[in-house]
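[1] I'll drop the sequence and a predicted model, then ask my questions.
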Amino acid sequence: MKKVGILGGTFNPPHFGHLIMANEAFHTLALDEVRFMPNAVAPHKEVHGADTSQRLKMTELAVEGFSQFRIEPIDILAGGVSYTFNTISQLVEMEPETEFYFIVGGDSIEGLNSWHRIHELAEMIQFVGIGRPGYDSSTDFPVMMIDSPEMHLSSSMLRERVAANRPLTFFVPEKVEAYIREEGLYGPEQDASTRKETST
């Protein structure tokens, strides 16, 4: 069977931490590819500073040039709240000859018990966990942990850097930073502390 990794998230913005997680899973598990899957509306968090199309574009720019990575737009195309169970159910139905590995960071592992229909989801896919500093990776769910360089890097921290007019060099790919600057994303004029994405 084809082995495909899925890395979901808001990617607001995507950064080198995301790329490293995906690459470690790709090589450690001998995957055929890893798909970056931006959600439309995240069920567990607000989305500040960039709309759906901008987050998709940044993710496309982030994976550009890496043959092992591709974009999975299924959640963006569906719109509405993106529940992983619903998405994976569709992918399994569309690609019955594919074995899916869902890549999650330590922060997501902590909260797995709150995911929609998590017990059924855990039977459909293999969760792959990447440890993250400051988070407890212990869980009652079957998560295959793999080693990866630990990075104290988050999208919220990067949004704060932009708002403070600080560079993103070595944090995000150059094309992603250029797009953020061109679009004027995450600046103080957007009131990033209160803006919530409500449409797709």
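    Sure, I can see it.

[2] From A178, how far off is P142?
    Distance from P142 to A178, counting by C-beta to C-beta, to the nearest Å: 41 Å. C-beta here means a position set from N, CA and C on the backbone, and glycine is covered the same way.

[3] the more surrounded of these two?
    A178 (13 against 10; other C-beta atoms under 10 Å).

[4] Can you tell me which helix or strand of this structure has the lowest average pLDDT?
    helix 106-110 (a mean of 78; mean pLDDT, DSSP states H and E).

[5] So which other helices or strands are in contact with that one?
    On a contact count with 3 or more C-beta pairs under 8 Å, 6 or more residues apart in numbering; DSSP states H and E, helix 106-110 meets strand 126-130.

[6] Downstream of the strand it packs on, the next helix or strand is which one?
    Using DSSP states H and E, the next helix or strand after strand 126-130 towards the C-terminus is strand 143-146.

[7] and that following strand, which residues are buried?
    Neighbour counts over strand 143-146 (16 or more other C-beta atoms under 10 Å) mark 143, 146 as buried.

[8] avg pLDDT for that strand?
    Mean pLDDT, computed over strand 143-146, is 90.

[9] Can you tell me what sits against it?
    Strand 143-146 has contacts (C-beta atoms under 8 Å, 6 or more residues apart in numbering) with 24-25, 28-29, 101, 104, 109, 112, 126-131, 137.

[10] Could you pick out the buried ones from the residues you listed?
    The buried subset of the contacts of strand 143-146 - by 16+ other C-beta under 10 Å - is 24-25, 29, 101, 104, 109, 112, 126-131, 137.

[11] how about the strands of this protein, start to end?
    Secondary structure of the chain by DSSP state E: the strands cover 2-9, 33-38, 69-71, 98-105, 126-130, 143-146.

[12] Would you mind giving those strands as TSV with distance to V81 added?
    Listed next are the strands of the chain as TSV, based on distance: least, C-beta to C-beta, whole Å:
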stretch	distance to V81
strand 2-9	13
strand 33-38	14
strand 69-71	20
strand 98-105	18
strand 126-130	21
strand 143-146	24
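
[13] so how far is stretch 88-105 from its chain's centroid?
    Chain-centre distance of stretch 88-105: 15 Å, with C-alpha atoms, centre = their mean, to the nearest Å.

[14] how near is the residue nearest to L29 when sequence neighbours are not counted to E64?
    Distances taken as C-beta to C-beta, 6 or more residues apart in numbering place Y101 nearest to L29, at 6.1 Å, with adjacent residues excluded. To E64, Y101 is 23 Å away according to C-beta to C-beta.
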